[in-house]
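structure of the sequence below:
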Amino acid sequence: MDETRNGEPGHMRRTAPALLALFLLAGCGTAAPTVDLDDPMGTAGDAVGSIGAIDIRDAAIAPAGDAEDGIAHPAGSDVELRLVAVNSGDVADRLVSVGSPLAEDVDISGEQALIGGSTLLVGDTGSAVPAGAASVTRATVTLDDLRQALSVGPTYPVTLTFQRAGSVTLELPVDNPDRG
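Okay, here's the model as predicted:
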């Protein structure tokens with residue numbers, strides 16, 4: 001039989017510190033992710049998101065060569081998107097459409113398929129391909145005939161629709177022109 005001290009059984013004296021340690025350690029994995037502000041890829045501030053087995057990162061609107069009066073892309077111009085989509089699942093998927101209230105039309109060209117474990121690079125991402133990617137495909141997505149001027153600073157809605165995973169709307173910034 002366990003001894004008691006101050007009316008508390010011995011097993012409680014041994015269990016309570018272990019439970020406290022477990023409780024304190026449980027929060028260790030919940031720290032906010034760090035962002036490298038010196039990252040030459042321009043990922044600080046780029047949009048990220050997930051839908052089903054598809055993870056999207058480094059998503060942004062391509063930068064302007066010269067921004068005049070704070071306008072990166074004037075109304076009526078065409079602009080490319082940049083993003084990396086990774087299919088972390090085992091089932092193939094496909095980028096079937098991209099839409100935005102910003103553009104009269106959206107053009108998708110290149111390979112849109114994402115087999116399980118593969119990576120789709122859209123535009124000139126400058127991003128490293130994840131280690132262990134089954135394959136890498138490339139596509140171009142262009143927002144045609146912008147309905148409004150785009151500035152550096154605000155974000156703009158763009159919806160990506162995948163055949164199996166579904167749709168996700170991201171708020172994309174105009175990318176850092178020094179990303180190159």
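
gap between the two ends of stretch 110-122?
One end of stretch 110-122 to the other measures 9 Å (C-alpha to C-alpha, to the nearest Å).

residues making contact with that stretch?
53-54, 81-96, 127, 129-130, 132-141, 162 (C-beta atoms under 8 Å, 6 or more residues apart in numbering). Quick note: C-beta positions are derived from backbone N, CA and C, even for glycine.

filter these to the buried ones?
Among those, those classed as buried by 16 or more other C-beta atoms under 10 Å are 53-54, 81-87, 89, 93-95, 127, 137, 139, 141, 162.

so which of those residues are in helices?
Residues of these located in helices (DSSP state H): none.

show me what contacts residue 90?
116-117.

and it, how far is that from residue 53?
Distance, residue 90 to residue 53, by C-beta to C-beta, to the nearest Å: 8 Å.

what do you get for residue 166?
Residue 166 is 11 Å from residue 53, by C-beta to C-beta.

ok, residue 96 next?
15 Å.

what do you get for residue 169?
Distance, residue 169 to residue 53, using C-beta to C-beta: 18 Å.

give me the contacts around stretch 137-145.
In contact with stretch 137-145 (C-beta under 8 Å, 6+ apart) are residues 61, 76-81, 95, 98, 100, 102-114, 118-123, 158.

which ones among these are found in strands?
In strands, defined here by DSSP state E, the members of the contacts of stretch 137-145 are 61, 79-81, 95, 98, 103-110, 113-114, 119-122, 158.

got a quick PyMOL command for the buried subset of those?
Selecting the buried subset of the ones in strands among the contacts of stretch 137-145 in PyMOL, with 16+ other C-beta under 10 Å as the burial test, is done by:
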select buried, resi 61+79+80+81+95+98+103+106+114+119+120+121+122+158
